[in-house]
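*Asks:* Here you go, sequence then predicted model.
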Amino acid sequence: MSVALGIAALFVVRSQAHAVSMLDFGVIAPTTGSISYAGGMNPLVGTNIQVDNIVGLPGGTTLTCVGCVLNFTTGNLTGTTGTTWDFGGGPATSITVTGTAVDSLNNVIASGALLTGGFGMATVTNFANTFKIAGASFTDVKDPNLLAFFGLPTGIPYNGNFNISFMGTGTPPGAFASSTVLSGDIVNTPTPEPGTMLLLGSGLAGFGYLARRRRRQAS
């Protein structure tokens with residue numbers, strides 16, 4: 001490879017890493033919606049969980065979510081421990097965020113299905129029998145207008161994770177149902193392609209930023 005080509009390739013990788021950001025769909029307490037598990041070999045189900053905003057990270061550019069809700073159905077229960085319920089993924093699973101995203105001037109940026117995808121796995125962790133956190137990984141596609149607003153690539157899949165805290169009685173392997181959803185985040189990055197693994201580093205940096213922001217809000 002010539003020196004000129006090497007410099008050009010380095011510039012491309014650095015430009016891609018700089019341009020890539022994360023989207024954080026925020027669930028801010030108090031919120032509406034429910035999370036439940038019916039027991040046995042059933043899935044984890046989330047219904048009409050209110051999503052309040054969409055934040056681009058890093059940078060913090062924010063859209064307000066109007067009438068936005070998260071709905072999901074994981075795969076069936078795959079196992080339990082003394083503190084967790086574990087659920088699978090697969091083609092029969094679903095996760096959606098629907099609603100309208102508007103900017104600070106109330107201009108509509110995107111409306112309808114903002115995020116649509118399926119699960120890889122999910123886990124609910126039990127704390128003191130009442131406080132619980134649902135965590136999951138999934139892949140999805142997004143509204144192209146939403147991606148264009150944040151300068152993100154279209155036509156490719158995205159990797160996502162969520163963490164949602166809620167109150168509900170029950171211990172593994174028993175059932176639970178909760179309409180007291182507290183807060184959470186649904187965080188996405190473009191799926192890394194060969195030769196562009198710097199995207200992963202950018203995503204991990206975003207998670208660190210998110211954790212620091214949550215700690216500041218809690219203090």
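*Replies:* Here it is on my side, so go on.

*Asks:* so residue 147 is in which element?
*Replies:* Assigned by DSSP states H and E, residue 147 belongs to helix 144-149.

*Asks:* Tell me the first helix or strand C-terminal of that helix.
*Replies:* Following helix 144-149 in sequence, per DSSP H and E, is strand 158-167.

*Asks:* which other helices and strands contact the helix or strand following that next one?
*Replies:* Once strand 158-167 ends, the next helix or strand along the chain (criterion: DSSP H and E) is strand 176-178. On a contact count with 3 or more Cβ pairs under 8 Å, 6 or more residues apart in numbering; DSSP states H and E, strand 176-178 meets strand 34-37. Using the backbone N, CA and C atoms, a C-beta is placed for each residue, glycine as well.

*Asks:* what about the strand it packs on, distance to the chain center?
*Replies:* A distance of 17 Å separates the centroid of the chain from that of strand 34-37, by Cα atoms, centre = their mean, to the nearest Å.

*Asks:* Please apply the same query to stretch 163-178.
*Replies:* Here stretch 163-178 is found 20 Å from its chain centre; the criterion is Cα atoms, centre = their mean.

*Asks:* tell me the contacts of residue 122?
*Replies:* 44, 74, 75, 86, 87, 89, 134, 135, 136, 137 (Cβ atoms under 8 Å, 6 or more residues apart in numbering).

*Asks:* For beta bridges, what are the partners of the residue nearest in space to the middle of the chain?
*Replies:* Nearest residue to the geometric centre of the chain (Cα atoms, centre = their mean): residue 186, 2.2 Å. Listed by DSSP bridges, the beta-bridge partners for residue 186 are residue 25, residue 162.
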